[in-house]
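Asker: what's the 3D shape of this:
(one chain, ligands or ions: 1)
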Amino acid sequence: MIYKRSSQLFAEAEKVIPGGVNSPVRAFKAVGGTPIFVKSAKGAYLYDEDGNKLIDYINSWGPMVLGHAYEPVVDAVIEKAKLGTSFGMPTELETEIAALAVSMVPNIDKIRFVNSGTEACMSAIRLARGFTKRDKIIKFAGCYHGHSDSFLIQAGSGAVTFGSPNSPGVTEGTAKDTLLAQYNDLENVKTLIEANKGEIAAIIIEAVAGNMGCIPPQKGFLEGLRELCTANGILLIFDEVMTGFRLAKGGVQELFNINADIVTFGKVIGGGLPVGAFAAREEIMNYLAPLGPVYQAGTLSGNPLAMAAGLAMLQSLNNDAGIFTRLEEKTAYLAAGIDKVLKANNVVFTINRVGSMISVHFDANPVTDFQTAAKGDNETFKKFFHGLLNEGVYIAPSAYETWFITDALTYEDLDFTINAIDKVSKTF
Ligand code: PMP
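Answerer: As a prediction, the model looks like this:
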């Protein structure tokens, strides 16, 4: 495939945007080459500035669970835009989407909308600290909760792709309040709690991890965290920015039947517009201003275009009884196909999958935490990425990312992808 115009556009972008991109992983630094500039997208496909068509397995890093330019979302945004794009005043629409979200997700009474997943997680932590009157939090190595200071401690996703899991610019004072645990290691969490008795406000976790590739929680891990939190007056925060409205209507809480105390959202909840949200039971949410003392605000929070997109998306998911089964079946089909061709080509690999989140790790051992995820063979990943790109299949340009399957993918698309993987893996 030819990426001439994309390369030219990237060179122009580099002059005026740091690294040519507004979010680091987009720059292809981990895999080499220059990023692809998108012109448009529809359903499961991206169309780039050089006229190439690509099957998209990133889907804007998650939001496009029903495909690009999904008509109900696009129509809702167009209609709302004609009525004004921002007011900084309450609208009925905000209550509508809040009520629908609260009805779909277990164990939440109230929800507040913000503009990104980062804001949602940052605000959730502040709320947890205000509510418990404690300072420290526990996060897990390789989990990513956005780029706010408290979370850039052994963070996953772009932070680890670029070798800065602990970013300069985060003060020691902030870093010391973030305790680090290993994913799927309950004993490790117990030890941290013992060593910091009465000081931990919250444990925040991607209950299905997606920022070190996809890593499922092992049996008993989330249950154990729930028990530890309850026993020690710690709030359990599920970061469902990736998993919310993707793995099930009610996210991981529903999928594994475990209650979190605070849940954060992003991606799907905004239908592709900049939206995040955090939610909890009433007692906790009432700690927020203007009812309570914990301050949190936003000029564009609850923006009508964003809320219209989010509402159309949630309504579509809520009204489609088969959606999560279809996503599961399509992703299982893809996983089985990849497994078959990689084995046939003697590739060393592990596939991790939960619902429509899947990742291929180029290592034979089970991938259960950040350390095992980091063992993947990056040189093979690079060949895999560029080989697939050449075949017209776009996966994330980093081994530390998950693929997000969209319902817009047909079985022909999946077969095309499996054949492409077969072809590419013969060249390893
Ligand atoms: N939490 C998780 C689990 C995420 O995957 C992400 C983004 N990939 C975030 C938080 C941050 O969201 P945003 O990029 O919208 O700030």
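
Asker: C-alpha only now, for contacts and for neighbours.
Answerer: OK.

Asker: next SSE downstream of the longest helix along the chain?
Answerer: In the chain, taking DSSP state H as the definition, the longest helix is helix 323-344. Using DSSP states H and E, the helix or strand that follows helix 323-344 in sequence is strand 350-354.

Asker: what's in contact with the lowest-mean-pLDDT helix or strand in the chain?
Answerer: Every helix and strand in the chain was compared by mean pLDDT, DSSP states H and E; the lowest is helix 158-161, with a mean of 71. With contact meaning Cα atoms under 8 Å, 6 or more residues apart in numbering, helix 158-161 is reached by 24-25, 30, 142, 152, 154, 165-167, 398-400.

Asker: go on, stretch 345-354?
Answerer: Contacts for stretch 345-354 (Cα under 8 Å, 6+ apart): 208, 213-216, 247, 335, 339, 342, 358-367, 422, 425-426.

Asker: tell me the secondary structure for the most centrally placed residue in the chain?
Answerer: What sits nearest the mean C-alpha location of the chain, by Cα atoms, centre = their mean, is M242, with 3.0 Å. Here M242 is recorded as coil under DSSP: H, G, I helix; E, B strand; the rest coil.

Asker: same check, this time on E12
Answerer: E12 ends up helix, using three-state DSSP.

Asker: next, the angle strand 350-354 makes with the longest helix of the chain.
Answerer: Angle, helix 323-344 to strand 350-354, by axes from the mean of the first three to the mean of the last three Cα atoms, to 10 degrees: 180 degrees.

Asker: just the buried positions in helix 323-344, please.
Answerer: Neighbour counts using 16 or more other Cα atoms under 10 Å place 323-324, 327-328, 330-335, 337-339, 341-342 of helix 323-344 among the buried residues.

Asker: how far does the helix or strand hosting E119 sit from the chain's center?
Answerer: Following DSSP H and E, one finds E119 within helix 117-132. Distance, stretch centre to chain centre, for helix 117-132: 17 Å (Cα atoms, centre = their mean, to the nearest Å).

Asker: that helix vs the ligand: in contact?
Answerer: Yes. Using Cα under 6 Å from any ligand atom, helix 117-132 reaches the ligand at 117-118.

Asker: residues contacting the helix or strand that that helix is followed by, please?
Answerer: Next along the chain after helix 117-132, taking DSSP H and E as the criterion, comes strand 136-140. With contacts defined as Cα under 8 Å, 6+ apart, strand 136-140 is touched by 125, 129, 151, 154, 177-183, 199-205.

Asker: select from these every entry located in helices.
Answerer: Per DSSP H, the contacts of strand 136-140 map to helices at 125, 129.

Asker: name the helices or strands packed onto the longest helix of the chain?
Answerer: strand 350-354, strand 357-361, helix 411-425 (3 or more Cα pairs under 8 Å, 6 or more residues apart in numbering; DSSP states H and E).

Asker: tell me which of these sits most buried.
Answerer: Of all the helices and strands packed on helix 323-344, strand 357-361 has the most neighbours on average by mean count of other Cα atoms under 10 Å, namely a mean of 26.

Asker: state the mean pLDDT of that strand.
Answerer: Across strand 357-361, pLDDT averages out at 97.

Asker: give me the contacts around that strand.
Answerer: So strand 357-361 is contacted by 210, 213-214, 331, 335, 349-353, 367, 373, 376-377, 399, 401-405 (Cα under 8 Å, 6+ apart).

Asker: any of these buried? List them.
Answerer: Buried among the contacts of strand 357-361 (16+ other Cα under 10 Å): 210, 213-214, 331, 335, 349-353, 367, 373, 376, 399, 401-405.

Asker: could you pull out the helices for the stretch 151-300 of the chain?
Answerer: For the stretch 151-300 of the chain, the helices defined by DSSP state H, counting those that start in this stretch cover 158-161, 172-175, 186-195, 221-232, 251-256, 282-285.

Asker: would a markdown table of those with mean neighbour count be doable?
Answerer: Shown next, in a markdown table, are those (neighbours: other Cα atoms under 10 Å):
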| stretch | mean neighbour count |
| --- | --- |
| helix 158-161 | 22 |
| helix 172-175 | 12 |
| helix 186-195 | 15 |
| helix 221-232 | 17 |
| helix 251-256 | 19 |
| helix 282-285 | 17 |
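
Asker: which one of those lies closest to the ligand?
Answerer: helix 158-161 (8.8 Å; Cα to the nearest ligand atom).

Asker: how far does that closest one sit from its chain's centre?
Answerer: 14 Å.

Asker: got it, and stretch 386-404?
Answerer: 16 Å.

Asker: is that stretch anywhere near the ligand?
Answerer: No. For stretch 386-404, no contact with the ligand is found by Cα under 6 Å from any ligand atom; the gap never falls below 9.0 Å.

Asker: got the end-to-end distance for that stretch?
Answerer: 18 Å (Cα to Cα, to the nearest Å).

Asker: do stretch 9-25 as well
Answerer: Using Cα to Cα, the two ends of stretch 9-25 sit 17 Å apart.

Asker: circling back: now the longest helix of the chain: mean pLDDT?
Answerer: 98.

Asker: excluding its backbone neighbours, what's nearest D261?
Answerer: Nearest residue to D261 in three dimensions, chain neighbours excluded: L236, at 5.2 Å (Cα to Cα, 6 or more residues apart in numbering).

Asker: ok, now which ones touch G302?
Answerer: So G302 contacts 94, 113-114 (Cα under 8 Å, 6+ apart).
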